[in-house]
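Student: how would this look folded up:
(2 chains)
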Amino acid sequence: MSDLGHVLILAGGLSYEREVSLRSGRRVAEVLRAAGVDVETRDTDASLVPSVLADPPDAAFVTLHGGAGEDGAIRSVLELLGIPYVGAAPDACRVAFEKPTAKAVVRSWGLNTPDSVALPKETFHDLGASAVLGRIVDQLGLPLFVKPSRGGSALGASIVRSAEELPAAMVGCFAYGDTALIEKYIEGVEVSVSVVDLGDGPIALPPVEIVPVGGVYDYAARYTAGHTEFFAPARLTDDVTQACLAMAVAAHSALGLRDLSRTDLIVDEAGKPWFLEVNVAPGMTETSLLPMAAEADGRDLGMLCKGLLEIATARR
Amino acid sequence: MTEELDHGRTGVTHGSRIDAYVDRYAARATGMVASEIRALFAVASRPEVVSLGSGMPYITALPLDVVGELVADLVARQGTVALQYGGGLGDEALREQICTVMSIEGIESVPDDIMVTVGSQQALDLITRIFIDPGDIVLSEGPSYAGALGTFAAYQAKVVHIAMDDQGIIPEALAQTIYALRAAGSRMKFLYTIPTFQNPSGVTLNEVRRLQVLEICQRAGLLVVEDNPYGLLGFEREPLRAMRASNPEGVVYLGSFSKTLAPGFRVGWALAPRPILDKLVLAMESAVLSHSAFTQLAVREYLRTQPWREQIKAFRELYRERRDAMLGALDVQMPDGCAWTKPGGGFFVWMTLPEGLNSKAMLPQAIDKRVAYVPGTGFYADGGGTRHMRLSYCYPQPDRIREGVRRLAGVIEEELRTRDTFGTGMVPGHGGVDTPGPDLA
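Tutor: Prediction:
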């Protein structure tokens, strides 16, 4: 066994991404065990705090996606409990998890991100949908990409290619959250860049290119093996690759993240990358992008996770 | 990696699709994909969520200590039989007991007419296996049991739904559909029906219509598959006469101990005309060699030594109280425009939402408010059911049912506001499975 002591992996939770989180947790537990780490996986329920107080772990690895796992809430609790954990601090999580806020921050650092507007459902109730939606189409043009301002796994997200499709897309989006981010849709190559920091500053792993077989990288395409083709490293020229890597590292730094993050971006026809969103608890399942990037970089996922835990415990 | 393409890409043509066998799967596996709805049900399993989606029987009401002693005694005294391979039609003494159980619904049978199966679900699978070629048509109520639709899809059957109302299948609709399909040269193989306390609607086919449906099918030379897991769980009257009782040669009857005892034993059965039964035995052997002798004997010993009729009566009382809790709460809480069935037994209420609401699109909001149901689309093979949902009252306690209905009413109210703001329209959705796994279905 390693000298990390007893490590708690938090997985599950009550967000819509519970199932993905459980899969991520199982994978991280598996690779950490293979790396000689003593791990225990736990859901986040009413028994968590009493059990941690009774038998405090030496560190925690948060694989909770969406909601409390990424908005800083669980990390705040871990800080209250004095448990070191892998990943960004609560304040940074809060900023990164709110996509419109994260976009504003990276834009202020000079990064490209598609023009967008974020509006809560109440605004449409108060002002009427058709007038507001009409202005959005006039201002941003078509096509548009509509998604909840918080959350991931493409839940509630859809592409809008005509003005007539927009109201239904808004309804689909509001099923998963009370605020919608309506973004100018950039046609291009979907690329994901993972960033890790093992104590020498953030470095980007090879970019992963995502080519959904059915054309849309939706929930089924994300979590059904075979439904998406991945290229790791992405099929990008050196200068475009470098631009993507630089964007991911810049976003990681701009948002004050630490240990690991994953930036999703799109490369337009001219080879210009656009920042879409960042994940502070990236998926770790068999079809997830950070593990793929690590493998493309010749890294063992277990050793990488173990290294991140060592950094976290050193912060204690 | 030298040739430059658009978007600044290089010319690598093959990436990883994670699954090395992705191009080798059979066509029938195409629909087996990750699903948002299943992901949402992963949350519904948490105790904070009132699940009105679960179809699990409330086995806490069983005398589990007695069952435990019975199973221990079975292994100690009859272990060499119970732990050995079984075979053929199944344990004969159990099949005799099954004849007694079915006689309550007017069925006259002998043990040699019966094959014990792994729940009635396996009987359904085997029936489909021996009758269906890809593209063949199965008729079923609309809506129908999601597990059956899954089986039919696995064998690449095409399901044609028959309209139903609060008295079950509409005979005229059945006759017209058969006529039209026959005129189109379609290969119809059987009518699949749950005539009593149907899953998901809770509706019961009335006595007059039972005979009409049998007659229509007999004239068309169409086999009837009568699935009857809930028949003994009526709240207000003696069990209805099974369809099989009126036409032994035209009906395959599927029965189960999953709701009257416990689903964990996985003991069900098929009662079929002999030529069909012969094929079912061969299909069973190729599928699982033989049913578990252990669980068959456990059920046999339970029926032999325990007051099983009294236990069923206890279940009926328990489920009636829960049904009443749900119907009472729906009456008080639900906004105008909602309608629902009033089941006389079984586990389920089928709710119709106001115009413009979509039960599948609404589910994330429901989960967020800590209540779950099964969207109606899971019970149709043709994309129907968007305005419907199945509500189960079998598992939660009455106070939880009332709380769940209260939360659900709030979600529907909010959805009505959203509808009024954005109008109605098709919500973008994804393919995949619309129902929970067996632990929740």
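Student: residue A:220 against residue B:31, yeah?
Tutor: No: the pair residue A:220 / residue B:31 is not scored as a contact, 10.1 Å apart, by CB atoms under 8 Å. For the C-beta atoms, the positions are set from N, CA and C on the backbone; glycine is no exception.
Student: got the confidence number for the closest residue to residue B:388 other than its chain neighbours?
Tutor: Nearest residue to residue B:388 in three dimensions, chain neighbours excluded: residue B:376, at 2.9 Å (CB to CB, 6 or more residues apart in numbering or on different chains). Listed pLDDT for residue B:376 reads 94.
Student: what ranges do the helices span in the stretch 201-316 of chain A?
Tutor: Taking DSSP state H, counting those that start in this stretch as the test, the helices found in the stretch 201-316 of chain A are A:219-223, A:238-254, A:289-296, A:301-314.
Student: same deal with the stretch 51-200 of chain A?
Tutor: For the stretch 51-200 of chain A, the helices defined by DSSP H, counting those that start in this stretch occupy A:73-81, A:90-97, A:99-108, A:121-127, A:129-140, A:166-174.
Student: which of the ones you listed sits closest to chain B?
Tutor: Nearest of the helices of the stretch 51-200 of chain A to chain B, taken as CB to the nearest CB: helix A:166-174 at 4.0 Å.
Student: other residues contacting the closest one?
Tutor: The contact list for helix A:166-174, computed with CB atoms under 8 Å, 6 or more residues apart in numbering or on different chains, reads A:121, A:124, A:129-130, A:133, A:136-137, A:144, A:146-148, A:156-158, A:160, A:180, B:361, B:418-419, B:422-423, B:425-429.
Student: what subset of these is buried?
Tutor: Among the contacts of helix A:166-174, those classed as buried by neighbour count (16 or more other CB atoms under 10 Å in any protein chain shown) are A:121, A:124, A:129, A:133, A:136, A:144, A:146-148, A:156-158, A:160, A:180, B:361, B:418-419, B:422, B:425, B:427-429.
Student: in contact with the residue nearest to residue B:388, which residues?
Tutor: Applying CB under 8 Å, 6+ apart, the residues contacting residue B:376 are B:143, B:200, B:350, B:359-360, B:384-390.
Student: now residue A:307: how far from residue B:69?
Tutor: If you measure residue A:307 against residue B:69 using CB to CB, to the nearest Å, the figure is 54 Å.
Student: between the two, which has more neighbouring residues?
Tutor: Neighbours were counted for residue A:307 and for residue B:69 using other CB atoms under 10 Å in any protein chain shown; residue A:307 has more, 19 against 12.
Student: pretty sure that one contacts residue A:198?
Tutor: Yes: assessed by CB under 8 Å, residue A:307 is found in contact with residue A:198 at 4.8 Å.
Student: burial count for the residue in the stretch 51-200 of chain B that chain A sits nearest to?
Tutor: The stretch 51-200 of chain B approaches chain A most closely through residue B:51 (13.5 Å), counting by CB to the nearest CB. Neighbour count for residue B:51, taken as other CB under 10 Å: 25.
Student: please report phi then psi for it.
Tutor: phi -90, psi 110 (degrees, to the nearest 10).
Student: any stretches of the stretch 301-441 of chain B with poor pLDDT?
Tutor: B:424-441 (pLDDT under 70).
Student: can you give me the helices in it?
Tutor: B:308-333, B:359-368, B:398-422.
Student: and the longest one, what's buried?
Tutor: Buried residues in helix B:308-333, defined by neighbour count with 16+ other CB under 10 Å: B:308, B:311-312, B:315-316, B:318-320, B:322-323, B:325-327, B:329-330, B:333.
Student: quick one: which of the helices of the stretch 301-441 of chain B is nearest residue B:191?
Tutor: Closest approach to residue B:191 among these is made by helix B:359-368 (26.6 Å; CB to CB).
Student: now the angle between helix B:398-422 and that closest one, please.
Tutor: Here helix B:359-368 runs at an angle of 120 degrees relative to helix B:398-422 (axes from the mean of the first three to the mean of the last three CA atoms, to 10 degrees).
Student: leaving out chain neighbours, which residue sits closest to the residue positioned nearest the centre of chain B?
Tutor: The residue lying closest to the centre of chain B (CA atoms, centre = their mean) is residue B:145, at 3.7 Å. Once flanking residues are discounted, residue B:145 sits nearest to residue B:199: 4.7 Å by CB to CB, 6+ apart.
Student: may I ask you to confirm that the one you found is in contact with residue B:347?
Tutor: Yes: counting by CB under 8 Å, residue B:347 is a contact partner of residue B:199 at 7.1 Å.
Student: list the residues that contact both of the two?
Tutor: B:55, B:230.
Student: break the chain down into its structural domains.
Tutor: Since you didn't name a chain, this refers to chain A. As recorded under automatic domain parsing, the domains making up chain A are A:6-87, A:94-112+A:187-298, A:116-184.
Student: wrong chain, I was asking about chain B
Tutor: Here the domain parsing of chain B from automatic domain parsing is B:2-61+B:311-440, B:64-306.
Student: need these in TSV with distance to residue A:290, can you?
Tutor: Shown next, in TSV, are the domains of chain B (distance: least, CB to CB, whole Å):
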stretch	distance to residue A:290
domain B:2-61+B:311-440	14
domain B:64-306	34
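Student: contacting residues for residue A:266?
Tutor: Residue A:266 neighbours (CB under 8 Å, 6+ apart): A:186, A:188-191, A:273-274, A:276.
Student: with residue B:315 instead?
Tutor: The neighbours of residue B:315, taking CB under 8 Å, 6+ apart as the test, are B:57-58, B:61, B:233, B:259-260.
Student: quick one: it from residue B:80, how far?
Tutor: Applying CB to CB, the value for residue B:315 to residue B:80 is 33 Å.
Student: ok, residue A:145 next?
Tutor: For residue A:145, the distance to residue B:80 equals 66 Å [CB to CB].
Student: tell me which element residue A:14 is part of?
Tutor: Following DSSP states H and E, one finds residue A:14 outside all helices and strands.
Student: ok, so what distance separates it from residue A:157?
Tutor: Relative to residue A:157, residue A:14 is positioned 20 Å away (CB to CB).
Student: next, count neighbours for residue 222.
Tutor: You didn't say which chain, so I picked chain A. Neighbours of residue A:222 using other CB under 10 Å come to 22.
Student: oops, chain B please
Tutor: Quick note: residue B:222 (other CB under 10 Å) scores 17 neighbours.
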